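>>> This is a predicted model, with the sequence first.
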Amino acid sequence: DKVVLYDGVCNMCNGWVNYVLARDKKNQFKFAALQGDPGRALLGMMGRNSDDLSTLVFLDADERVHIKSEAVLRVVSACGGIAGSCADVLRTVIPRGFRDWVYSDIVAPNRYKIFGTTTNDKCRRITPALRARFLD
């Protein structure tokens with residue numbers, strides 16, 4: 001399975017997961033919050049710090065770990081469509097070092113300030129159909 005680990009309290013991250021859920025017509029991705037037990041366990045199995053909430057993590061079907069901009073763009077690419085094609089172009093044209101700098105130094109440290117955090121009354125509504133897509 002392809003697994004996406006995301007910051008479960010970040011509104012931007014949750015919005016991105018909703019975006020992927022709406023476009024992943026093949027149901028190829030499973031999701032887990034970085035803060036949850038499955039997410040923390042997977043981080044540990046990948047050799048990553050289980051307390052690190054600084055990046056989205058994508059474990060592909062070949063069990064390769066992708067982080068930061070590479071993770072985001074690979075997932076969007078796999079969803080296909082125009083956005084997927086754009087993600088492929090961005091991965092090719094913009095150097096990963098620059099993309100990761102934008103992700104790590106601009107987006108990630110400001111995501112709570114700009115987009116806020118999720119509270120219990122704003123949690124995603126998990127339908128029975130979506131339940132199987134989440135590991136936690």
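Looks like it came in fine.
>>> buried sites along stretch 98-108?
99-100, 103, 107-108 (16 or more other C-beta atoms under 10 Å). All C-beta atoms are positioned from the backbone trio N, CA, C, and that covers glycine.
>>> In helices only, show me those residues.
Using DSSP state H, the members of the buried residues of stretch 98-108 that fall in helices are 99-100, 108.
>>> Go through these and name the one nearest C79.
Comparing those against C79 with C-beta to C-beta picks out R99 as the nearest, at 18.2 Å.
>>> on that earlier part again, can I get the ones in helices among the buried residues of stretch 98-108 in a markdown table with pLDDT?
Formatted as a markdown table, those follow (pLDDT from 0 to 100):
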| residue | pLDDT |
| --- | --- |
| R99 | 97 |
| D100 | 97 |
| A108 | 93 |
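>>> Which member of the residues you listed is positioned nearest V9?
A108 (13.6 Å).
>>> Next up, the contacts around the closest one.
54-55 (C-beta atoms under 8 Å, 6 or more residues apart in numbering).
>>> For A83, which residues are in contact?
A83 makes contacts with 23, 76, as judged by C-beta under 8 Å, 6+ apart.
>>> could you redo the last one with a cut-off of 6 Å?
Applying C-beta atoms under 6 Å, 6 or more residues apart in numbering, we find A83 in contact with V76.
>>> Tell me how far it lies from W101.
22 Å (C-beta to C-beta, to the nearest Å).
>>> What residues sit buried inside stretch 56-75?
Here stretch 56-75 shows 56-59, 65-75 as buried, counting by 16+ other C-beta under 10 Å.
>>> For Y6, state which of these is nearest.
Looking across the buried residues of stretch 56-75 and measuring by C-beta to C-beta, the closest to Y6 is L56, at 5.4 Å.
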